[in-house]
Every structure is written in structure tokens, then in C-alpha cells.
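Novice: Structure for the following, please:
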Amino acid sequence: EARGLLRLAAVAGRAIDLEVMARLAAGRPASLDAWLTACANAAVLELQDGQWRFAHDKLRDGLRATLDQGERLALHRQVAEATEQAYPGRADVAAVLAHHWREAGDVDRQRHYARLAGEYAAAQFVNAEALSYLSCALELAPAGDTRERYTLLLRREQVYDLLGQREAQRQDLETLQSLAGRLGGGERAGVALRQAQHAFVTGGYAQAASAAQAAIELAGQAGEPGAEAAGHLWWGRALWRQGDYAGAQARIEQALALAQIAGCHDVEAGALQTLGVLCAEQGNYAGSLDYGRQVLAAFRQLGDRRGE
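Specialist: Numbers count the residues shown, from 1 in each chain. You can find the predicted model right below:
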């Protein structure tokens with residue numbers, strides 16, 4: 001019994017997760033505490049800074065070396081299932097679960113948790129890890145699952161944007177445009193908005209304006225007022241960069257009005273921010289300060305630390 005649990009612990013990792021081990025030990029004659037004590041007496045496990053762990057990596061490696069392929073698959077499955085039971089719905093353990101389901105040979109569950117791990121890492125701005133997991137999920141996604149591939153590519157494109165990897169971002173946008181054509185007007189509008197953003201940050205202001213206008217038309221057809229508001233925002237920003245302050249002001253004010261009606265608070269914040277910049281560049285510092293106060297409150301309400 002003790003060796004069976006040790007094999008499971010070796011598969012689970014060097015540190016012993018007591019919540020997971022409690023589930024793996026359930027129904028066994030010896031209690032988890034008794035097992036820990038026996039392993040500590042044998043100098044296999046040790047308690048260090050309140051954390052149980054293997055006393056040495058060589059001990060864990062030796063246990064894993066005794067496993068054949070079938071045993072590894074079965075043990076990783078048991079550890080994955082126990083982890084799911086211990087931490088239901090916890091995104092912060094998705095990376096661990098992606099690993100165990102991969103080692104268990106379950107591609108569908110590996111893909112599911114790789115996507116969750118990628119999205120969780122992206123939300124924490126751990127961008128390299130986000131790219132790794134999202135790319136893994138994309139590789140495992142069925143070729144015919146257009147919706148899943150679209151969602152994963154959109155997430156990855158946004159990470160490339162944060163990293164400033166413009167060529168990789170452009171390539172994902174090309175693929176997204178193709179996939180969106182098989183889905184609907186809302187997705188096509190979403191891709192057009194991302195194209196407008198990409199063109200804007202790479203200095204293609206005329207292309208940004210064109211993509212934004214396309215997004216407005218597609219969003220209107222699809223009944224997506226938030227995307228329509230975002231289209232006016234990017235169009236206004238492109239006009240601003242081209243020196244058309246009056247045109248930019250009109251478009252961004254329209255974006256603000258549409259966003260407020262639609263309850264699209266991120267676009268509302270972006271519009272307030274850009275209106276503040278327009279005021280400052282035209283010497284209206286009081287107006288710029290007023291917009292600054294409004295946009296700071298908007299970003300705080302959104303919980304957007306980057307915007308703040």
C-alpha cells in the first residue's frame with residue numbers, strides 16, 4: 001500500500017499535494033498521516049517549511065523508472081482525476097491537469113486544460129506561458145472545429161499583440177479572417193477590429209481606418225452595437241494620427257455615445273482616453289484633465305490595472 005501511494009506521489013510531482021493525496025489514499029487501509037510518517041521514517045519523504053516533499057529527486061526518479069507505459073498512463077489518469085476532485089473549476093491548476101492528461105494519453109482533456117491554462121496565464125500577463133499553452137491547444141484542436149480554432153487563435157493573437165510580435169500577430173489575423181468567414185458577421189466584425197488595431201500600431205493609419213469602417217458595417221449587419229462602437233473608436237484614432245482632429249473628435253464622440261448605450265465599458269474607457277489626448281494636443285488642458293479623471297474612474301471600475 002505504501003509503495004502504491006509512493007508511485008502515485010512520484011507521478012504527481014516532487015512536492016506532495018496533501019489535498020490530492022488524500023483523495024488518492026481514500027479507501028486504503030492505512031491513513032494518509034500514517035503513510036507520511038512511514039515514508040518520513042524511511043527517509044523517502046521529508047517535511048520542509050511546512051511542505052511534504054521527496055527527500056531527493058533521485059528517489060522520485062527511481063520510482064518513476066520502474067513504471068512501464070501502461071502503468072504510467074494509469075497513474076497519471078488517477079492523479080489527474082484526484083486533482084480535478086481536489087480543485088474543481090480552479091483555473092490555476094489547469095497547467096498541472098494539462099500535463100497529467102497528456103501523460104495519461106487523453107488528448108481531449110489535455111486540449112481542454114491547455115486552453116484554460118493559456119487563458120489563465122494571459123489574464124495574469126504571463127505571456128510566454130500563455131503562448132505555449134494556447135499553441136498546444138490549437139495544435140490539438142480538430143481541423144473541422146472552426147469555432148474552437150477561431151477562439152484559440154483570437155486569444156493567441158491578443159497575446160502576440162501584448163508582446164509586440166507583429167508578424168506572428170499578422171499571420172494569426174489572416175487565419176482568423178478565413179475562419180470568421182465560415183462563422184458569421186459578428187466574428188468577421190471582431191477580426192476587422194483586430195486588423196484595425198494591428199494596422200494602427202504598425203503605422204498603417206489609412207488601412208486602420210478602412211478596417212474600422214468594414215467593422216462598423218459588419219457589426220451593424222450582425223446587430224453588435226459594442227463592436228460598432230469600437231469601429232468608430234479605431235476610425236477616430238486613425239483620423240487623429242492623420243491629423244484630422246475634427247473628424248477624429250466626431251468619430252470618437254460617436255463611439256462614446258454608442259458604447260454607453262450598449263454598456264460596452266471598455267470601449268467607453270478607450271473613447272474617454274482618446275478624447276483626453278485630443279484635448280491635450282489642441283491645448284485644451286482643462287478638458288484633457290476632466291477626461292483623465294473620467295477615464296481613470298472607468299478603468300478602475302473595469303478592474304483594468306494596465307489601463308490605470
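Novice: Give the helix, strand or coil label for the spatially closest residue to residue 91 that is not a sequence neighbour.
Specialist: Leaving out its chain neighbours, the residue that sits closest to residue 91 by CB to CB, 6 or more residues apart in numbering is residue 120, at 4.1 Å. Any C-beta I mention is one placed from the backbone N, CA and C, and that applies to glycine too. Classification of residue 120 using DSSP: H, G, I helix; E, B strand; the rest coil returns helix.
Novice: May I see the buried residues of stretch 59-76?
Specialist: 59-60, 63, 67, 72, 75-76 (16 or more other CB atoms under 10 Å).
Novice: what pLDDT, on average, does that stretch get?
Specialist: Averaging pLDDT along stretch 59-76 yields 95.
Novice: what's the answer for stretch 156-164, then?
Specialist: Regarding stretch 156-164, the rounded mean pLDDT is 96.
Novice: on that earlier part again, now do the contacts for the residue nearest to residue 91.
Specialist: When contacts are counted by CB atoms under 8 Å, 6 or more residues apart in numbering, residue 120 touches 91-92, 94-95.
Novice: Among those, which one has the most neighbours?
Specialist: Within the contacts of residue 120, most neighbours by other CB atoms under 10 Å means residue 94, with 22 neighbours.
Novice: Looks to me like that residue is in a helix.
Specialist: Yes: under three-state DSSP, residue 94 falls within a helix.
Novice: quick one: which two of the contacts of residue 120 are the most distant?
Specialist: The largest separation in the contacts of residue 120, counting by CB to CB, is between 91 and 95 at 9.3 Å.
Novice: what residues do these two have in common as contacts?
Specialist: Among the neighbours of residue 91, those also in contact with residue 95 (CB under 8 Å, 6+ apart) are 117, 120.
Novice: Distance-wise, check the residue nearest to residue 91 relative to residue 240.
Specialist: Between residue 120 and residue 240 the computed distance is 35 Å (CB to CB, to the nearest Å).
Novice: that older thread, and the buried residues of stretch 59-76, which is closest to residue 18?
Specialist: Lowest distance from residue 18 to the buried residues of stretch 59-76 (CB to CB) belongs to residue 60, with 16.7 Å.
Novice: Where does the closest one fall, secondary structure wise?
Specialist: Per DSSP states H and E, residue 60 falls inside helix 57-65.
Novice: just checking, next helix/strand downstream of that helix?
Specialist: Once the chain leaves helix 57-65, the next helix or strand it forms, by DSSP H and E, is helix 69-86.
Novice: helices and strands around that following helix, which ones?
Specialist: Counting contacts by 3 or more CB pairs under 8 Å, 6 or more residues apart in numbering; DSSP states H and E, helix 69-86 packs against helix 2-12, helix 18-25, helix 94-103.
Novice: Run through who's touching that helix.
Specialist: Here helix 69-86 makes contact (CB under 8 Å, 6+ apart) with 7-8, 11-12, 17, 19-24, 64, 67, 93, 96-97, 100-101, 103-106, 109.
Novice: If any of these are buried, put those into a PyMOL selection.
Specialist: Buried subset of the contacts of helix 69-86, written as a PyMOL selection, criterion 16+ other CB under 10 Å:
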select buried, resi 7+8+11+12+17+20+21+23+24+67+93+96+97+100+101+103+104+106+109
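Novice: Quick check: pLDDT value at residue 1.
Specialist: Residue 1 is assigned 61 on the pLDDT scale.
Novice: Correct me if wrong, but residue 53 is in a strand.
Specialist: Yes: per three-state DSSP, residue 53 lies within a strand segment.
Novice: Mind listing what's buried along the host helix or strand of residue 273?
Specialist: Using DSSP H and E, residue 273 maps to helix 265-281. For helix 265-281, the buried set under the neighbour-count rule, 16+ other CB under 10 Å, comprises 265-279.
Novice: Low-confidence stretches in the stretch 1-150 of the chain?
Specialist: 1 (pLDDT under 70).
Novice: what sits against residue 239?
Specialist: With CB under 8 Å, 6+ apart, residue 239 has these contacts: 209, 245, 247-248, 251.
Novice: check which helix or strand covers it.
Specialist: helix 225-241.
Novice: ok and that helix relative to helix 265-281, angle-wise?
Specialist: Helix 225-241 runs at 20 degrees relative to helix 265-281, counting by axes from the mean of the first three to the mean of the last three CA atoms, to 10 degrees.
Novice: how far out from the middle of the chain is helix 225-241?
Specialist: 25 Å (CA atoms, centre = their mean, to the nearest Å).
Novice: Contact partners for residue 264?
Specialist: Counted by CB under 8 Å, 6+ apart, residue 264 has contacts 225-226, 229-230, 258.
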